[in-house]
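# Build me a structure from this.
(4 chains)
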Number of protein chains: 2
Amino acid sequence: MKDFIDKIKTAVENNETAVISANCSVSYSGRVESFLPAGDRLIIIKSDGNLLVHKPNGTAPVNYMKEGTKHEIVREENGFFLKSKNTFLKDFMNIHLHRIHFVNSHALEDGEDITVAGTEKHMAEMIMEKPELIEKGFKPLSLEEHTKYGFIDVFGHDKNNILVVIECKRQNGDLKAVTQLRRYVEKIKELKGLNKVRGILACPQISANAKQMLEDWGFEYKSIGPPKYLEKHKKGQKKLHEF
Amino acid sequence: MKDFIDKIKTAVENNETAVISANCSVSYSGRVESFLPAGDRLIIIKSDGNLLVHKPNGTAPVNYMKEGTKHEIVREENGFFLKSKNTFLKDFMNIHLHRIHFVNSHALEDGEDITVAGTEKHMAEMIMEKPELIEKGFKPLSLEEHTKYGFIDVFGHDKNNILVVIECKRQNGDLKAVTQLRRYVEKIKELKGLNKVRGILACPQISANAKQMLEDWGFEYKSIGPPKYLEKHKKGQKKLHEF
DNA sequence: GGGGAGAGATGCCGC
DNA sequence: GCGGCATTTCTCCCC
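I've put the predicted structure just below:
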């Protein structure tokens, strides 16, 4: 146990990224309060102060502390504790380390960022490039038009010169998407002093309730999905799912 | 390198939770496509198939695979690859392991769940218990009233028997919260055939734009925050931030 | 730093 | 399973 504790101390002092596998219980106080009874978990301490507590299942961490958190190992009467404080956020965490399975650490260097293809933004850009995807005669004017009440994905006018507001969703359209579209259409009507502005929700699919609400309010639905191939795949290289 | 590879293989075969620190590049294809050039990262493989790739900074994983994913180490001409497939989700990941810093694993057992105090639900419950927090004479009727257009946090009537819809937010109220409230109020008006229904947004703070929109539509703002002390703290035990 | 909105959101609960 | 929604959302972008 003492060896593990020393390894953690050294790693934190040297700003390394550390991983601790341990049976522990976790108390947190900050934006909420939480308590997690004893169990085996993975604790990750990053060089920027981030701390993650992961259960052996699930994608999201069960507890965490944000960037800038300071960590300290403390021995008390009833055992060892990893105590973390983020003074700025008023976040506090207390991990009681009942038993440690392993500790590892390394100074990680990573200057590269991820590139993603297939986001909502790409979808909006695709519509700018190929306006006929919406309908014949549609003329897009701008991307991310900012208004006080939010910003609009695609903004343009149709073949009859009626203004059109398009809200893009890369996946299923839901009630939230329809209210969002409504908010933009109303704001544009008000700003431009217009009586008629069309609203189109562009997404691959739409829920029944959302479709009903869309129609109740006189808006339209156009089934479009995001483009999702990275350039390197466009150039005919082997696609990932072919390996 | 070969030792590390064997350790990974053994861990995955034995359904252990494994941690790999490595210089690697990551390709992903599924709901989107992504590519992450070479850098030092932490790779976590959980016993339920979840895989996380973490950069040395930030809270969220840069890449991940969900529960049920199958993992395999493959040696190809240009090196070692960790290949992951989730056939059901049509998700594919390919991690090129350029250099491994450490590998460790352990069979983790964790049957305990977290308890959280201070959520929006607790806030709604608090209002049910102490309706005077909203205003004198407010009589709450139900929690999470379900309508076709969404479900309402707290529903009741005021001292003049006017129906009141309350939307709770545990943190700052924004434009989305106001549109959400509006949707509920309108639906209740329609369902009950009423001309006047009050809408109250209950949250600790509200943005200037949201307040404006709220007032434009005749709704009200009540500054209330969620209760956030776990029972064990209420009972007079030392609070976490006092350590 | 706050506001506004997307996210490969995730996770929870209800039908 | 889908739908609707909160989240210690996180992250990005813009003012």
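
# Please make it C-alpha for all contacts and neighbour counts, starting now.
Fine.

# which secondary element of chain A has the worst mean pLDDT?
When the helices and strands of chain A are scored by mean pLDDT, DSSP states H and E, helix A:231-234 comes last with a mean of 53.

# Which residues of chain A lie near DNA strand C?
A:58-61, A:116, A:119-121, A:148-151, A:167-171, A:180 (CA under 7 Å from any atom of the strand).

# so of those, which ones are in helices?
Using DSSP state H, the subset of these located in helices is A:Glu120, A:Lys121, A:Gln180.

# Could you tell me the model confidence score at the last one?
Spelled out, it's A:Gln180. A:Gln180 carries a pLDDT value of 94.

# Run a quick neighbour tally on A:Met191.
Just to correct that, residue A:191 is Leu rather than Met. 10 (other CA atoms under 10 Å in any protein chain shown).

# Distance of A:Leu42 relative to B:Asn161?
Distance of A:Leu42 to B:Asn161, given as CA to CA, to the nearest Å: 54 Å.

# Narrow the residues of chain A next to DNA strand C to those that are buried.
A:58-59, A:61, A:116, A:119-121, A:149-150, A:167-171, A:180 (16 or more other CA atoms under 10 Å in any protein chain shown).

# These: which ones sit near DNA strand D?
Okay, of these, nothing touches DNA strand D (CA under 7 Å from any atom of the strand).

# nearest to A:Leu97, of those residues?
Each of those was checked against A:Leu97 using CA to CA; the closest is A:Pro61, at 17.5 Å.

# Check the burial of the nearest residue to that closest one once chain neighbours are set aside by counting its neighbours.
Sequence neighbours aside, A:His54 is the residue nearest to A:Pro61 in space, at 4.7 Å (criterion: CA to CA, 6 or more residues apart in numbering or on different chains). Neighbour count for A:His54, taken as other CA under 10 Å: 21.

# Could you pull up the contacting residues of A:His54?
A:Arg41, A:Leu42, A:Ile43, A:Ala60, A:Pro61, A:Val62, A:Asn63 (CA atoms under 8 Å, 6 or more residues apart in numbering or on different chains).

# what do you get for A:Val62?
Contacts of A:Val62 by CA under 8 Å, 6+ apart are A:Leu52, A:Val53, A:His54, A:Lys55, B:Ile114.

# what bridges to the residue of chain A at minimum distance from DNA strand D?
For chain A and DNA strand D, the shortest gap (CA to the nearest atom of the strand) falls at A:Asn63, measuring 3.2 Å. Beta-bridge pairing of A:Asn63 under DSSP bridges involves A:Val53.

# pretty sure it is touching A:Ile44, no?
No - the criterion here is CA atoms under 8 Å, and A:Asn63 misses it with A:Ile44 at 10.8 Å.

# any residues in contact with both of those two?
The contact lists of A:Asn63 and A:Ile44 share A:Leu52, A:Val53, where a contact means CA under 8 Å, 6+ apart.

# So which of the two has more stuff around it?
Higher neighbour count among A:Asn63 and A:Ile44: A:Ile44, with 23 against 19, using other CA under 10 Å.

# what's the residue lying closest to that one once chain neighbours are set aside in contact with, if anything?
Nearest non-adjacent residue to A:Ile44, counting by CA to CA, 6+ apart: A:Val19, 4.6 Å away. Contact analysis of A:Val19 by CA under 8 Å, 6+ apart lists A:Leu42, A:Ile43, A:Ile44, A:Ile45, A:Val103, A:Asn104, A:Ser105, B:Val19.

# Centroid-wise, who is the farthest residue in chain A?
Distance to the chain centre peaks in chain A at A:Glu77, reaching 41.1 Å (criterion: CA atoms, centre = their mean).

# dump the residue contacts of the residue of chain A closest to DNA strand D.
A:Asn63 neighbours (CA under 8 Å, 6+ apart): A:Val26, A:Tyr28, A:Leu52, A:Val53, A:His54.

# Which of the contacts of A:His54 sits closest to A:Glu109?
A:Ile43 (19.7 Å).

# Tell me which other helices or strands the helix or strand encompassing that closest one touches.
A:Ile43 is part of strand A:33-45 when elements are defined by DSSP states H and E. Contacts defined by 3 or more CA pairs under 8 Å, 6 or more residues apart in numbering or on different chains; DSSP states H and E place strand A:33-45 against strand A:17-29, strand A:51-54, strand B:115-117.

# Could you tell me the angle between it and strand B:33-45?
Here strand A:33-45 runs at an angle of 100 degrees relative to strand B:33-45 (axes from the mean of the first three to the mean of the last three CA atoms, to 10 degrees).

# Extract the C-alpha trace of strand A:33-45 and format it as PDB.
Presented in PDB, the C-alpha positions along strand A:33-45 are these (Å, rounded to 0.1, in the frame of the first residue of the first chain):
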ATOM      1  CA  GLU A  33     -23.300  16.600  -3.400                       C
ATOM      2  CA  SER A  34     -22.800  12.900  -4.100                       C
ATOM      3  CA  PHE A  35     -21.700   9.800  -2.300                       C
ATOM      4  CA  LEU A  36     -20.500   6.600  -3.900                       C
ATOM      5  CA  PRO A  37     -20.000   3.600  -1.500                       C
ATOM      6  CA  ALA A  38     -17.000   1.300  -1.700                       C
ATOM      7  CA  GLY A  39     -16.300  -0.600  -5.000                       C
ATOM      8  CA  ASP A  40     -13.500  -1.200  -7.500                       C
ATOM      9  CA  ARG A  41     -12.900   1.700  -9.800                       C
ATOM     10  CA  LEU A  42     -10.300   3.300 -12.000                       C
ATOM     11  CA  ILE A  43      -9.100   6.700 -11.000                       C
ATOM     12  CA  ILE A  44      -7.400   8.900 -13.600                       C
ATOM     13  CA  ILE A  45      -5.500  12.000 -12.700                       C
END
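
# Can you give the strand pairings for that strand, parallel or anti for each?
Going by DSSP bridges, the partners of strand A:33-45 are strand A:17-29 (antiparallel), strand A:51-54 (antiparallel), strand B:115-117 (antiparallel).

# And that strand, what's buried?
Of the residues in strand A:33-45, those buried (16+ other CA under 10 Å) are A:33-45.

# list the helices and strands the longest strand anywhere in chain A packs on?
Counting by DSSP state E, the longest strand found in chain A is strand A:91-106. Secondary-structure packing of strand A:91-106 (3+ CA pairs under 8 Å, 6+ apart): helix A:2-13, strand A:17-29, strand A:79-86, strand B:91-106.

# got TSV for those, with distance to DNA strand D too?
Below are the helices and strands packed on strand A:91-106 laid out as TSV (distance: least, CA to the nearest atom of the strand, whole Å):
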stretch	distance to DNA strand D
helix A:2-13	20
strand A:17-29	6
strand A:79-86	10
strand B:91-106	14
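
# Out of the ones you listed, flag the one nearest A:Glu125.
Here strand B:91-106 is closest among those (CA to CA), at 24.8 Å.

# quick revisit: please identify the deepest-packed of the helices and strands packed on strand A:91-106.
Most buried of the helices and strands packed on strand A:91-106, by mean neighbour count (mean count of other CA atoms under 10 Å in any protein chain shown): strand A:17-29, with a mean of 23.

# Would you mind writing the CA trace of that one as PDB?
Taking Å, rounded to 0.1, in the frame of the first residue of the first chain, the C-alpha atoms of strand A:17-29 are listed here in PDB:
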ATOM      1  CA  THR A  17      -0.900  11.300 -16.000                       C
ATOM      2  CA  ALA A  18      -1.600   8.700 -13.400                       C
ATOM      3  CA  VAL A  19      -4.000   5.700 -13.300                       C
ATOM      4  CA  ILE A  20      -5.000   4.100 -10.000                       C
ATOM      5  CA  SER A  21      -7.100   0.900  -9.800                       C
ATOM      6  CA  ALA A  22      -8.600   0.800  -6.300                       C
ATOM      7  CA  ASN A  23     -11.400  -0.200  -4.100                       C
ATOM      8  CA  CYS A  24     -12.600   3.100  -2.900                       C
ATOM      9  CA  SER A  25     -15.500   5.200  -1.800                       C
ATOM     10  CA  VAL A  26     -16.100   8.800  -3.200                       C
ATOM     11  CA  SER A  27     -17.600  11.900  -1.700                       C
ATOM     12  CA  TYR A  28     -18.100  15.000  -3.800                       C
ATOM     13  CA  SER A  29     -19.400  18.400  -2.900                       C
END
